[in-house]
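>>> this one's structure only:
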Ligand code: NA
Ligand code: NA
């Protein structure tokens, strides 16, 4: 039943009461939600306008919009968080319900209610801490450097958005409790009460870690918190909330509640006020405009004419396109979102298996980090004093090789199992050319965006803004985009961005907890302490990264682990550039490794009907591609070292 | 009772700053006779620069490195030293700051009770120089170019010189230079080291503009757990600690640069630059006045001392 219909008569009084409470909360947040959506939309349009103005002024008159980046950072807060509650009302936030599906209905309902309660409580705590952060900024008179704009009003807005999110979670929680009550099953009700007690206990320990009934060594505290995180995620708690509670509880246990609470608030705001994040909504929006105006359909019709008869042809083409796009943009998520929004509906139309379709895009985007420009190589270079220029050269061949391996794997799988990718008829040359006539707008757009980056005219963020502007301009000029479709693309962009940025918000808090726990150091000691030979050592280090990849994102993993392994690897006589390529590939593997794999999360928000479990299952065969790539680079170091040797 | 001092590196292994942090940690352990043990965390892993003060006050870390320009508006006294054209060099600037604190105690009131930290030592840092892809020898050469700067003070200077500029963090500046999106970056040598900007720039114009400043702080509760003698010892140690940093970074960066790629402005250009920056100086005086500090008196005294120390 939906929120707005009256509770059915057969409901008991408890269920009816809970249902009407849920409806009441939803009514309270309806208008604030709509207002937030408008605010977020205005902020995103403003970012596009600022970016286009900045690029135009700089390239035509060598001028920059004063404080453009500061303003973009502040506006990113609104773009990133304004639709958190909307997404929750639509039940669009990322959850991994692997285990939940295996339970009986009454268990599932109870766990679901408990998970929502925990998420609602965590978001309420986060909203409060962000509010405190706003007070800190106001009381200390902190402004932006160039324009002197006070930051605190934007942070207040962030706090309200997160509070709305907490309210939306509460409404869903009340509804889940109503479902429990409706069953009139004593065991189910007892389990729900148990879940509520467990949530209360977890929160209690966050604020009073000394109340923990058992003694834990420092190492065990870290492992305990991560274990809790995995359990919560597998039980279907919102991924963002599971990481938030882990970070809060973990730092409380290791240091003190004052430290963990401050860290939660400041980290949340740091992440969403970082203007580099604007690249995600911008590329999402570009992709959605291309789809909404029908250009994506035409592109795939043309591609189908050319390669639709080959095994897995469209998946291979999407893989190459995604690899190319994320390589040049230098950002994995932009590739997933722009290619995901363009390619997934089309592959579905041509009857492709969605496990194959989603996984090939999630994996192909990782190539963006191997081929320059790549922030991962810059971070490695900074930590190790290895030339970044050489690292950039070293990543090119492995990136191309990986794309080739992925295509080979897709072709092989599609050939062995044609149901994965139904093959079309071979088209005549006339058909091919006729159907290719409509693809020029998208080619012009890509030339503008990617050529702009390559020529040095624009940064990746600016290219995203230019891409949106270009896509809108072409679509409007060709009368392919109407007002409702425009609004819809904007709203969808905000929803997708909020879904992933909230994960990063708390993943950052989580990685700070991991840093404090010293857990990576202990795991590394485990790998190093075995006194292994050269190749066993590399094997152990690679295995270590597989484990780390389960719960850490690429950049924090690099920062925490390279200082530990680099001296050991150098001691064993490995080439520093070669080792860098291996490590960067391994941390990128983490973005598609369960349970916390951001690329998989991102693609799943665009393929709502494909369960998370299926996408992870779909990625599994692609692990072979990673193994082949790593094996080849270990066996033939020249793959990484040949190009740098020419410098 | 043993004390764990949680400390985060400001920059990666192998950089002069990292060496300095290690030496400081070793001294702290020695001062306490091994009672205090320093635990290090990699740069940026526990807190970014922006939140380092809050992280230290809340006990997330015990020792903090507070880079003042990252919290614009909070450290008005230190913005004095960022005025373009005022600074001489890092050593003289810092000595002048300490003298000013004696005459104008408000200059030393950087942290409030809510910050919950003890100011161990506050210094003026290295000034910024221009690192570029094409030579920039004169003020005229700045005009019409697009630069990045390490902070907003740098952006204001570059804009007054007829260039356009935006604030960029190190990795972004590297990428922008590599792609040719910007002509150069105005930053201190420490940045050149940390972010390997010498890989993507060829020419270096020595300007020593708008240095930032920083405080090394300790969580107040942690500080209170030290004995009085230990506290005194640390206070005595800090001027020495500072001098590790003065020239190492610059020397490390400049050692690999051919002399013909290093430029300095002519005396006329230098004077013209200072003249062009006067409105920024006046702006600081005004802000200081409205905050209840005798702005002009402080500025005059700073200039007198800077000139005095520079001549001797
Ligand atoms: Na790239
Ligand atoms: Na992962």
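Structure's in. What do you need? All values derive from a computational prediction rather than experimental measurement. Ligands and ions are numbered 1, 2, ... in the order given.
>>> Remind me what the helix or strand encompassing residue A:540 packs against, helices and strands.
Assessed by DSSP states H and E, residue A:540 sits inside helix A:534-551. On a contact count with 3 or more C-beta pairs under 8 Å, 6 or more residues apart in numbering or on different chains; DSSP states H and E, helix A:534-551 meets helix A:218-234, helix A:519-528, helix A:554-571, helix A:576-589, helix A:612-635. The way it works is simple: take the backbone N, C-alpha and C, and place the C-beta from them, glycine included.
>>> Quick check: next helix or strand after whichever strand or helix holds residue B:6?
Per DSSP H and E: residue B:6 is located in strand B:3-8. Sequence-wise, the next helix or strand downstream of strand B:3-8 (DSSP H and E) is helix B:16-31.
>>> and that next one with strand B:3-8, angle?
Relative orientation of helix B:16-31 versus strand B:3-8 (axes from the mean of the first three to the mean of the last three C-alpha atoms, to 10 degrees): 170 degrees.
>>> With mean neighbour count as extra columns, can I get the helices and strands packed on helix A:534-551 in CSV?
As requested, the helices and strands packed on helix A:534-551 are arranged in CSV below (neighbours: other C-beta atoms under 10 Å in any protein chain shown):
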stretch, mean neighbour count
helix A:218-234, 18
helix A:519-528, 17
helix A:554-571, 20
helix A:576-589, 24
helix A:612-635, 18
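>>> Looking at these, spot the one closest to chain B.
helix A:554-571 (5.1 Å; C-beta to the nearest C-beta).
>>> Now do the closest one: which elements does it pack against?
Counting by 3+ C-beta pairs under 8 Å, 6+ apart, the packing neighbours recorded for helix A:554-571 are helix A:375-384, helix A:483-517, helix A:519-528, helix A:534-551, helix A:576-589.
>>> let's go with 6 Å and repeat that
helix A:375-384, helix A:519-528, helix A:576-589 (3 or more C-beta pairs under 6 Å, 6 or more residues apart in numbering or on different chains; DSSP states H and E).
>>> which one of the helices and strands packed on helix A:534-551 lies closest to ligand 2?
Of all those, the one in closest proximity to ligand 2, counting by C-beta to the ion, is helix A:576-589 (8.2 Å).
>>> For that closest one, give the mean pLDDT please.
Average pLDDT, helix A:576-589: 95.
>>> Whether that helix contacts chain B - can you check?
No: figure legend: helix A:576-589 not in contact with chain B (C-beta under 6 Å from any C-beta of the partner chain); closest approach 12.0 Å.
>>> which parts of chain A sit against chain B?
Taking C-beta under 6 Å from any C-beta as the contact definition, chain A meets chain B at A:58, A:62-64, A:69, A:140-143, A:145-146, A:255-256, A:258-259, A:262-263, A:266, A:270, A:373, A:375, A:378, A:382-383, A:385, A:388-389, A:456, A:459, A:512, A:515-516, A:559-560, A:563.
>>> List only those of those flagged as buried.
Neighbour-count burial (16 or more other C-beta atoms under 10 Å in any protein chain shown) applied to the residues of chain A next to chain B gives A:58, A:63-64, A:69, A:140, A:142-143, A:145-146, A:255-256, A:258-259, A:262-263, A:266, A:270, A:373, A:375, A:378, A:382-383, A:388-389, A:459, A:512, A:515-516, A:559-560, A:563.
>>> tell me which element the residue in the stretch 151-300 of chain B that ligand 2 sits nearest to is part of?
Relative to ligand 2, the nearest point of the stretch 151-300 of chain B is residue B:171 (22.7 Å; C-beta to the ion). Secondary-structure assignment from DSSP H and E places residue B:171 in helix B:170-179.
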